[in-house]
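**Student:** turn this into a model:
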Amino acid sequence: LRRAHGVAVDVHVKGRMFTFSFYQLARGLVDIIVLLQLPGIAMQFVAMYLMGATSDVYRHTANTRLNICGKFHNAVAKMMLAEVAFRGIVGDFSSRIEDLQSLTPGLLLSRLKDVF
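**Tutor:** Residues are numbered from 1 along each chain as shown. Next comes the predicted model:
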């Protein structure tokens, strides 16, 4: 009886081979630029500093603080002023707003003649 000792080697090759792609590189760079929001920052810089007089207007507007309460009070005051002006034109300060007569061309002409 004969005995043999040894090592058996079995080799399998697996893997993938990659090639460099300029398209994938460009796409990756564009994706990174967009994720970092660089286009928006660039447009804001152009609008704020590189458009001459238009940039001055935009920069002033962008730096203006928004006051919601002030805007609301301003809007309400303008509506009240418009109502009083309309009531003055139609000559009725006591009726409800729904019951006021409409502004006719003849009434408007007579008010304009009074003014001028």
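**Student:** where along the protein do the helices fall?
**Tutor:** In the chain, the helices defined using DSSP state H lie at 22-35, 38-49, 53-62, 68-90, 105-115.
**Student:** make TSV out of the ones you listed and add distance to Val13, mean pLDDT and mean neighbour count.
**Tutor:** In short, each C-beta sits where N, CA and C put it, glycine included. Converted to TSV, the helices of the chain look like this (distance: least, CB to CB, whole Å; pLDDT from 0 to 100; neighbours: other CB atoms under 10 Å):
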stretch	distance to Val13	mean pLDDT	mean neighbour count
helix 22-35	26	95	10
helix 38-49	44	93	12
helix 53-62	62	90	11
helix 68-90	70	93	11
helix 105-115	94	89	10
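**Student:** in TSV, list the ones you listed along with distance to Glu98.
**Tutor:** Output for the helices of the chain, formatted as TSV (distance: least, CB to CB, whole Å):
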stretch	distance to Glu98
helix 22-35	55
helix 38-49	47
helix 53-62	39
helix 68-90	12
helix 105-115	18
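**Student:** wait, which of those is closest to Val7?
**Tutor:** helix 22-35 (43.2 Å; CB to CB).
**Student:** show residues contacting that closest one.
**Tutor:** Identification of contacts with helix 22-35 by CB atoms under 8 Å, 6 or more residues apart in numbering yields Pro39.
**Student:** what angle separates that helix from helix 38-49?
**Tutor:** 50 degrees (axes from the mean of the first three to the mean of the last three CA atoms, to 10 degrees).
**Student:** out of the helices of the chain, flag the one nearest Arg2.
**Tutor:** helix 22-35 (59.4 Å).
**Student:** any idea how far the closest one is from the middle of the chain?
**Tutor:** On the basis of CA atoms, centre = their mean, to the nearest Å, helix 22-35 is displaced by 26 Å from the centre of the chain it belongs to.
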